[in-house]
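S.K.: got a structure for you, letters missing:
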Ligand code: NAD
Ligand code: UDP
């Protein structure tokens, strides 16, 4: 196998009690007001860490973090990650999540997206170098592009178009991995890299544009379900709580090479749409829309390394995670989460 990827050594690299060592640590989370970042911050605060959330609120929301406003272990820095990060005092750990993740959002300003990944990585790495902090990069399955193999393992180098609408995100994340590699080898910065596969759950924005939030919102509102292409393309969906557990285990480990984190269950978009329709009891119609350019045909993580080295595997099945996500969106939209269930008493009269 090429590259560093197989250089894991043998045996587990994660001690189960390591997450407890967060007590009193100062942890910076960039992109902490976003969907994943806000869940991560909750776990970090729950384990006694001091948390600084750096976010420019471009795709994140204050409402995702407002519950921590009175917590003296929580600070919000409203800042762009592309600007140098100046923090007085200790920083023990950095989680770099700042970057729009939804294709329609990251394609609005592709140059900014690329800068966010690359300048952002540079800035967190420089900060880590100055502070002697461990630094984690939220990388992505998009580094594999439109993969020719399935499932995708970490040694696979990917098939990415450098010259298309997804390139700003995919190549930005690949360049960030390169910077992490080079800061590690050149300056000894202590790095961790998670290659995250599609993740979903409460606190995704309803107008975010990603498939789970689109389908659930459309079904609850009785609008057409927008299926791009023929819906035969596949994705593997990881529930956000599982992902955050993977983050903490990876950060507490000694694994300084990229690790896939995702749920290996693989579904077509037609199957996903049908599950959402069944669960919501919605009468929305499935309508076809053009397949976006360079939309990957398939995606499924090989999580052998995460399982072997971190003792990690997802625990929430798509069906259960969708129930929780639908309940969240229903509350946000002021709709019943299952229309057939609500109709039942009337139907019985
Ligand atoms: P999100 O859009 O909800 O969150 C991103 C956060 O970063 C937002 O709060 C946004 O305001 C902030 N941000 C964006 N650009 C910034 C900038 N220039 N300076 C400061 N803050 C900025 O996305 P998410 O789903 O929570 O994703 C979080 C991270 O995980 C991203 O880096 C994303 O690439 C990565 N990731 C997510 C998934 C997924 O399925 N959710 C999959 C692969 C990778
Ligand atoms: N998709 C879809 N309808 C939508 C939104 C997305 O059919 O309303 C498809 C999209 O074409 C892709 C898959 O769902 O094949 C996942 O899209 P998403 O934007 O969530 O993530 P990504 O493409 O980055 O994996």
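M.R.: Structure received. Treat the numbers as computed from the prediction; the structure is a model and nothing was measured. Residues are numbered from 1 along each chain as shown. Ligands and ions are numbered 1, 2, ... in the order given.
S.K.: Okay, and the beta partners of the residue nearest to residue 321 when sequence neighbours are not counted?
M.R.: Leaving out its chain neighbours, the residue that sits closest to residue 321 by C-beta to C-beta, 6 or more residues apart in numbering is residue 239, at 3.7 Å. C-beta: built from backbone N, CA, C; applies to glycine. Taking DSSP bridges as the rule, residue 239 bridges to residue 200.
S.K.: can you check residue 136 too?
M.R.: Residue 136 has the following beta-bridge partners by DSSP bridges: residue 95, residue 192.
S.K.: Quick check: residues of the stretch 51-200 of the chain near ligand 1?
M.R.: Proximity of the stretch 51-200 of the chain to ligand 1, by C-beta under 6 Å from any ligand atom, involves residues 55-60, 80-82, 97-101, 116, 138, 140, 196, 198-199.
S.K.: Would you mind giving the secondary structure of residue 154?
M.R.: Judged by DSSP: H, G, I helix; E, B strand; the rest coil, the three-state class of residue 154 is coil.
S.K.: How about the contacts made by the residue nearest to residue 321?
M.R.: Residues counted as contacts of residue 239 (C-beta atoms under 8 Å, 6 or more residues apart in numbering) are 199, 200, 201, 263, 314, 316, 318, 320, 321, 324.
S.K.: among the residues of the stretch 51-200 of the chain next to ligand 1, which ones are buried?
M.R.: 55-56, 58-60, 80-82, 97-101, 116, 138, 140, 196, 198-199 (16 or more other C-beta atoms under 10 Å).
S.K.: among the residues you listed, which are within reach of ligand 2?
M.R.: With C-beta under 6 Å from any ligand atom as the criterion, those include residue 198 near ligand 2.
S.K.: What about the contacts of residue 239, which are in strands?
M.R.: Applying DSSP state E to these, the entries found in strands are 199, 200.
S.K.: Which of the contacts of residue 239 sits closest to ligand 2?
M.R.: Nearest to ligand 2 among the contacts of residue 239 is residue 200, at 8.2 Å by C-beta to the nearest ligand atom.
S.K.: so that closest one makes contact with residue 212?
M.R.: Yes: here residue 200 lies in contact with residue 212, judged by C-beta atoms under 8 Å, at a distance of 4.0 Å.
S.K.: who touches both of the two?
M.R.: 237, 325.
S.K.: Which ones among the buried ones among the residues of the stretch 51-200 of the chain next to ligand 1 lie within helices?
M.R.: Applying DSSP state H to these, the entries found in helices are residue 116.
S.K.: so what pLDDT did residue 105 get?
M.R.: Residue 105 is assigned a predicted lDDT (pLDDT) of 98.
S.K.: contacting residues for it?
M.R.: By C-beta under 8 Å, 6+ apart, residue 105 lies in contact with 59, 208, 209.
S.K.: just residue 292 next, same as before
M.R.: Shown in contact with residue 292 (C-beta under 8 Å, 6+ apart): 103, 165, 228.
S.K.: can you redo those residues as CSV with neighbour count and secondary structure?
M.R.: As requested, the contacts of residue 292 are arranged in CSV below (neighbours: other C-beta atoms under 10 Å; DSSP: H, G, I helix; E, B strand; the rest coil):
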residue, neighbour count, secondary structure
103, 18, helix
165, 15, coil
228, 15, strand
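S.K.: pLDDT score for residue 317?
M.R.: So residue 317 comes in at 98 (pLDDT).
S.K.: From residue 290, how far out is it?
M.R.: Residue 317 sits 31 Å away from residue 290, taking C-beta to C-beta, to the nearest Å as the criterion.
S.K.: Those two: which is more packed in?
M.R.: Ranked by neighbour count (other C-beta atoms under 10 Å), residue 317 and residue 290 place residue 317 first, with 13 against 8.
S.K.: Show the contacting residues for the closest residue to the more buried one other than its chain neighbours.
M.R.: Sequence neighbours aside, residue 265 is the residue nearest to residue 317 in space, at 7.1 Å (criterion: C-beta to C-beta, 6+ apart). The contact partners of residue 265, taken as C-beta under 8 Å, 6+ apart, are 236, 237, 317, 318.
S.K.: which of those residues count as buried?
M.R.: Buried members of the contacts of residue 265, scored by 16+ other C-beta under 10 Å, are 236, 237, 318.
S.K.: So which of these belong to helices?
M.R.: Using DSSP H, the buried ones among the contacts of residue 265 in helices are residue 318.
S.K.: now, among the buried ones among the contacts of residue 265, which is nearest to residue 72?
M.R.: residue 237 (36.3 Å; C-beta to C-beta).
S.K.: hang on, isn't that closest one packed against residue 196?
M.R.: No: using C-beta under 8 Å as the test, residue 237 is too far from residue 196 to be in contact (11.6 Å).
S.K.: Could I get the contacting residues of residue 224?
M.R.: Residues near residue 224 by C-beta under 8 Å, 6+ apart: 218, 284, 285, 286, 287.
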